[in-house]
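K.L.:
only the shape, not the letters, is given here:
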């Protein structure tokens, strides 16, 4: 079963529909018990790091997510679902994350001189592949995906970075480590490129 975690943060139906367009039936799960039965798991999300972690802890989903990752089954994080994998977030103060990837999630500080760019970063940006990833099969370097975010991750180990993009500074666009793949961009909003990425994930066994 390909499962999408519902913790009240994000448009789950758009992710579910995007998987359906590539022939992958995805179920939405809300409890630790349902999550444990999944063969592949997707953690999407839009919103604040601290709020999301509070919900995940209160519902028991935080522990279940970490346990799932440790089993080696395929895991995909999207946007906030990427950020929550890290040790620490700094939205509304210092917040503890799931801690399965070493590093932190910090504000995208590109709105001051000399850059003076808008935050949140919203729009289409080119991917610069940093290493081979199962997500990139069938894609070419420089393909564009859709971003909406005000924070970005800084992994402690650069070896986990699968792609970057440029928005005044170099931003981590995707990571891959063992069974974990995760994107800062939204594949479900990234048209043909996004559909290829979701199909590649659905084909991971």
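P.N.:
Happy to help now that I have it. All values reported here derive from a predicted model rather than from experimental measurement.
K.L.:
quickly find the element holding the closest residue to residue 48 other than its chain neighbours.
P.N.:
Computed as CB to CB, 6 or more residues apart in numbering, the closest residue to residue 48 that is not its neighbour in sequence is residue 91, at 5.4 Å. For the C-beta atoms, the positions are set from N, CA and C on the backbone; glycine is no exception. In this assignment (DSSP states H and E), residue 91 forms part of neither any helix nor any strand.
K.L.:
what's residue 91 in contact with, if anything?
P.N.:
With contact taken as CB atoms under 8 Å, 6 or more residues apart in numbering, residue 91 is in contact with 48-50, 105, 107, 150-151.
K.L.:
which one of those is nearest to residue 160?
P.N.:
Among the contacts of residue 91, residue 105 lies closest to residue 160 (CB to CB), at 13.8 Å.
K.L.:
in the strand or helix carrying that closest one, what counts as buried?
P.N.:
Here residue 105 is covered by strand 101-107, with elements defined by DSSP H and E. Buried residues in strand 101-107, counted by 16 or more other CB atoms under 10 Å: 101, 103-106.
K.L.:
likewise for stretch 131-149?
P.N.:
Neighbour counts using 16+ other CB under 10 Å place 133, 135-136, 139, 143-147, 149 of stretch 131-149 among the buried residues.
K.L.:
end-to-end on that stretch?
P.N.:
23 Å (CA to CA, to the nearest Å).
K.L.:
avg pLDDT for that stretch?
P.N.:
Throughout stretch 131-149, pLDDT has a mean value of 95.
K.L.:
please renumber so the chain begins at 3
P.N.:
I'll keep to 3 as the first residue from here, and by that count the last item is stretch 133-151.
K.L.:
contacts for that stretch?
P.N.:
48, 81, 110, 122-131, 161, 163-165, 167, 169, 175-176, 178, 183, 185-189, 191-192, 195-196, 198-199, 202-203, 206.
K.L.:
remind me what the lengthiest strand in the chain packs against, helices and strands.
P.N.:
Taking DSSP state E as the criterion, the chain has its longest strand at strand 171-179. Other elements packing on strand 171-179 under the criterion 3 or more CB pairs under 8 Å, 6 or more residues apart in numbering; DSSP states H and E are strand 153-157, strand 163-169, strand 182-185.
K.L.:
nearest to residue 42, out of the ones you listed?
P.N.:
Judging the helices and strands packed on strand 171-179 by CB to CB, what sits closest to residue 42 is strand 182-185, at 10.6 Å.
K.L.:
report the strands that pair with that closest one, each with its relative direction.
P.N.:
Strand 182-185 has the following strand partners under DSSP bridges: strand 77-80 (parallel), strand 171-179 (antiparallel).
K.L.:
quick one: closest of these to residue 66.
P.N.:
Nearest of the strands paired with strand 182-185 to residue 66, taken as CB to CB: strand 77-80 at 12.0 Å.
K.L.:
packing partners of the helix or strand just after that closest one?
P.N.:
Proceeding N to C from strand 77-80, the next assigned helix or strand is helix 82-85, under DSSP H and E. Judged by 3+ CB pairs under 8 Å, 6+ apart, the packing partners of helix 82-85 are helix 51-60, strand 153-157, strand 182-185.
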